[in-house]
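Participant: sharing a model prediction with you, sequence too.
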Amino acid sequence: MKTSRWLAKYELLARVFKALAHPVRLCILDLLCTEGAYVCDLIEATGRPQPYISRHLQVLRAAGLVTARKEGLRVHYQICNPRLADMLDLVAAIAGRPGNSGVPLRGKAPPTSCCAVRVPPVASADAIVALERNISA
């Protein structure tokens, strides 16, 4: 009985780490760490299509890492716990990033409105593809 409770704790951690184990989801979390963002902002910042971003947001929500707030026809996403930003920075430092990847962590936040003036993306689509290749190699 004790072993199963002990293991359950690690199963929960494994579920969270599994949700973190994708470069696009890490990029999304990084973008959400400042003020949160709308889906359209994440689409523009990552250069990925809406269904792709929505699927990754669904995984992050299921893991309890982000929350969504409906505002009319738009959905605003933000991280659930501000300590998530610290964790991303710590993992980046352990992995030798961002210096080796060329992808800055905690860059400029995306605009807070789909109608706002656009801010350059934190990570280009090419940089994300390069990260995906490095991780799968």
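Facilitator: Cool, got the structure.
Participant: so, low pLDDT: which residues of this protein?
Facilitator: 1-3, 97-137 (pLDDT under 70).
Participant: which parts of it are helices?
Facilitator: Using DSSP state H, the helices of the chain run over 2-20, 23-32, 39-46, 50-62, 83-95, 125-136.
Participant: nearest to Ala68 among the ones you listed would be which one?
Facilitator: helix 50-62 (6.4 Å; CB to CB). Backbone N, C-alpha and C define where each C-beta goes, glycine included.
Participant: how about that closest one, which residues are buried there?
Facilitator: By 16 or more other CB atoms under 10 Å, the buried positions in helix 50-62 come out as Ile53, His56, Leu57, Val59, Leu60.
Participant: can I have it written out in PDB, keeping just the CAs?
Facilitator: What follows is helix 50-62, C-alpha atoms only, in PDB (Å, rounded to 0.1, in the frame of the first residue of the first chain):
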ATOM      1  CA  GLN A  50      -4.000  27.100 -34.900                       C
ATOM      2  CA  PRO A  51      -4.900  23.400 -34.600                       C
ATOM      3  CA  TYR A  52      -1.300  22.600 -33.800                       C
ATOM      4  CA  ILE A  53      -1.100  25.300 -31.100                       C
ATOM      5  CA  SER A  54      -4.500  24.300 -29.700                       C
ATOM      6  CA  ARG A  55      -3.400  20.700 -29.400                       C
ATOM      7  CA  HIS A  56      -0.300  21.600 -27.400                       C
ATOM      8  CA  LEU A  57      -2.300  24.000 -25.200                       C
ATOM      9  CA  GLN A  58      -4.700  21.100 -24.500                       C
ATOM     10  CA  VAL A  59      -1.800  18.900 -23.300                       C
ATOM     11  CA  LEU A  60      -0.500  21.700 -21.100                       C
ATOM     12  CA  ARG A  61      -4.000  22.300 -19.600                       C
ATOM     13  CA  ALA A  62      -4.400  18.500 -19.000                       C
END
